[in-house]
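Novice: would you be able to build a 3D model of this:
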Amino acid sequence: MEHAVKVIIPAYNEAAAISKVIGDIPNFIQETIVVDNGSTDLTSEVAKCAGATVLVEPNKGYGSACLKGIEYIQNSNQKTDIVVFLDGDYSDYPEQMSEIIAPILNQNIDFVLGSRKKSLSEKGAMQPQQRFGNWLATNLMRLFFNSRFTDLGPFRAIKYEVLQKLEMKDKTYGWTVEMQLKILKQNFSYSEIPVKYRNRIGVSKVSGTLKGTIFAGMKILTWIFKYSFKK
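Specialist: From the prediction side, this is the model:
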């Protein structure tokens with residue numbers, strides 16, 4: 001593959017899963033970047049042994065970890081054409097990365113979202129509150145922005161030049177919806193690819209707790225309403 005593709009994986013206490021994630025990433029990827037978001041287990045050590053570049057971001061938050069990865073790429077002297085994001089809990093299928101990237105390579109699409117279809121997901125992989133939250137958020141995005149998004153999934157690919165133009169800010173759970181809203185508001189092209197989804201290894205930091213679920217929901221709705229009334 002001629003295009004330079006890098007992967008950013010935010011990770012917090014994913015020692016049991018991270019080597020599996022890295023091991024399933026296709027060989028054409030130029031660099032896999034794991035951002036340890038203050039883990040108290042051996043996430044960093046396991047990721048290094050698996051061949052990843054490991055960064056440490058002590059400030060907690062999904063977005064904080066993603067921003068750290070982007071900062072690293074910006075300061076790198078290596079060419080980067082596409083950035084792929086996925087989770088470190090092995091719920092995504094990294095081997096589908098070729099499918100996620102294909103619309104960018106073949107159709108010049110700016111942003112591609114891996115949409116977690118129920119028919120392709122393991123039973124219990126997504127909690128009821130997750131499905132409801134996705135349903136509510138994507139329907140509000142359709143209402144306010146005429147969006148075609150059906151999910152807020154973490155598995156996604158974006159042209160690096162487009163990612164830079166988005167000027168991402170959110171440091172917590174609003175990261176995914178912020179990216180999609182900015183794609184819509186700035187009229188970048190996008191598409192979705194159906195992806196498989198399985199039960200994660202370990203306990204979710206978001207949907208696995210009431211606090212995480214409520215906070216994530218509030219952040220997502222705040223971003224949507226913020227952009228709905230922003231000229």
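Novice: which helices and strands sit right next to the longest strand along the chain?
Specialist: When the chain is parsed with DSSP state E, its longest strand is strand 111-121. Other elements packing on strand 111-121 under the criterion 3 or more CB pairs under 8 Å, 6 or more residues apart in numbering; DSSP states H and E are helix 97-107, strand 156-159, helix 175-185, strand 190-197. From N, CA and C alone the C-beta is placed, and that goes for glycine too.
Novice: so how far is it off the chain centroid?
Specialist: 12 Å (CA atoms, centre = their mean, to the nearest Å).
Novice: for stretch 63-78, same thing?
Specialist: That offset, for stretch 63-78, works out to 14 Å (CA atoms, centre = their mean).
Novice: check which residues of it are buried.
Specialist: For stretch 63-78, the buried set under the neighbour-count rule, 16 or more other CB atoms under 10 Å, comprises Gly63, Ser64, Ala65, Cys66, Leu67, Lys68, Gly69, Ile70, Tyr72, Ile73.
Novice: also stretch 137-152?
Specialist: For stretch 137-152, by 16+ other CB under 10 Å, it's Ala137, Thr138, Leu140, Met141, Phe145, Ser147, Phe149, Thr150, Asp151, Leu152.
Novice: hang on, the earlier thing: which one of the helices and strands packed on strand 111-121 lies nearest to Pro128?
Specialist: Among the helices and strands packed on strand 111-121, the nearest to Pro128 by CB to CB is strand 190-197 (14.6 Å).
Novice: let me have the buried residues of stretch 137-152 in a markdown table, extended by distance to Val5.
Specialist: Below are the buried residues of stretch 137-152 laid out as a markdown table (distance: CB to CB, whole Å):
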| residue | distance to Val5 |
| --- | --- |
| Ala137 | 28 |
| Thr138 | 27 |
| Leu140 | 32 |
| Met141 | 27 |
| Phe145 | 28 |
| Ser147 | 26 |
| Phe149 | 23 |
| Thr150 | 24 |
| Asp151 | 22 |
| Leu152 | 22 |
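Novice: quick check: the farthest pair among those?
Specialist: Across the buried residues of stretch 137-152, the longest distance by CB to CB is 15.2 Å; it joins Phe145 and Asp151.
Novice: quick check: closest non-adjacent residue to the residue nearest the centre of the chain.
Specialist: Per CA atoms, centre = their mean, the C-alpha nearest to the average position across the chain is that of Pro154, at 3.0 Å. Excluding its sequence neighbours, the residue lying closest to Pro154 (CB to CB, 6 or more residues apart in numbering) is Asp87, at 4.7 Å.
Novice: could you do Phe188 as well?
Specialist: In this structure, Phe188 finds its nearest non-sequential neighbour in Asp110, 4.0 Å apart by CB to CB, 6+ apart.
Novice: what's near enough to touch the one you found?
Specialist: Applying CB atoms under 8 Å, 6 or more residues apart in numbering, one finds that Asp110 lies in contact with Ile104, Ile158, Lys159, Val162, Ile183, Phe188, Ser189, Tyr190.
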